[in-house]
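>>> Have a look at this fold, sequence not included:
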């Protein structure tokens, strides 16, 4: 009974804190010149939008500078960006942004390696992290090794994707044509590198490229990919969304 009361007390306190934070956000009265939407993406408080076409942006439109996004009018149509990262969707309730980050890949022909692109990602000094509950490092290919580490080298992980024949990717990433591994908690920097054991020489006819990316498990569908895909020449190739999460602290002090 005592343990039951402790569990109930924990969930009551957690629910109360969530209600306080939600109420505090809802109670914020924004200046009338604040913009909340860039094309079809809404960025409610604590986030704000800096329009590149505007000369002056009210800093009170966001909780602080870290939460100020940019509606870049240099694109047609304009695009919402977190730093240089395109933003696809925002959930204030969950404290998340779905963003688009290009994949890493290496491609080969009969002569050997033709192109290799690795990727370094950094989320800056704000309260933003790569979500460990939503994202997984994912690789597609029949001769593909992918590795990830952070800027400090405090961890290293990866996975191997192998196969000997052309297969249809479906169901889940089991290591045959596709592999996945978890992302550590509180990750702000990420370096992803890709490699091949045999330079795809044994599978070149149907799998000239290996590629890897972070993928949101809510929206990722391995059946959307083919082993013949080339990320930069396949017209309908779409990199899965990546989820970035944030934490708002001390928000209840304004009540």
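Okay, I see it. Note that the coordinates shown come from a computational prediction; the quantities given were computed from them, not determined experimentally. Residues are numbered from 1 along each chain as shown.
>>> Excluding sequence neighbours, find me the nearest residue to residue 159.
Leaving aside its chain neighbours, residue 159 sits nearest to residue 179 (3.8 Å; criterion: C-beta to C-beta, 6 or more residues apart in numbering). Just so you know, the C-beta spots here come from the backbone N, C-alpha and C atoms, and that holds for glycine as well.
>>> And that neighbour, how close does it get to residue 155?
Residue 179 is 18 Å from residue 155, where distance means C-beta to C-beta, to the nearest Å.
>>> With neighbour numbers in mind, choose between those two.
Neighbours were counted for residue 179 and for residue 155 using other C-beta atoms under 10 Å; residue 179 has more, 23 against 11.
>>> buried set for whichever strand or helix holds that one?
Assigned by DSSP states H and E, residue 179 falls within strand 178-182. With burial defined by 16 or more other C-beta atoms under 10 Å, the residues of strand 178-182 counted as buried are 178, 179, 180, 181.
>>> packing partners for it?
Applying 3 or more C-beta pairs under 8 Å, 6 or more residues apart in numbering; DSSP states H and E, we find strand 178-182 packed against strand 135-140, strand 156-162.
>>> Can you tell me which of these is most buried?
Of these, the one with the most neighbours on average (mean count of other C-beta atoms under 10 Å) is strand 135-140, at a mean of 24.
>>> State the mean pLDDT of that one.
Strand 135-140 carries an average pLDDT of 96.
>>> Please list the residues outside the helix or strand following that strand that contact it.
Using DSSP H and E, the helix or strand that follows strand 135-140 towards the C-terminus is strand 143-149. For strand 143-149, the surrounding residues in contact (C-beta atoms under 8 Å, 6 or more residues apart in numbering) are 104, 137, 139, 155-162, 179, 183, 190-200, 202-203, 207, 210-212.
>>> so where is the stretch 1-150 of the chain shaky, pLDDT-wise?
Across the stretch 1-150 of the chain, the ranges flagged by pLDDT under 70 are 1-32, 54-57.
>>> residue ranges of the strands in it, please?
Along the stretch 1-150 of the chain, the segments classed as strands by DSSP state E, counting those that start in this stretch run 37-38, 41-42, 48-51, 68-72, 79-82, 85-91, 96-100, 104-109, 112-117, 119-122, 128-130, 135-140, 143-149.
>>> now the stretch 151-255 of the chain
Listed in chain order, the strands of the stretch 151-255 of the chain (DSSP E, counting those that start in this stretch) span 156-162, 178-182, 189-195, 209-216, 241-246.
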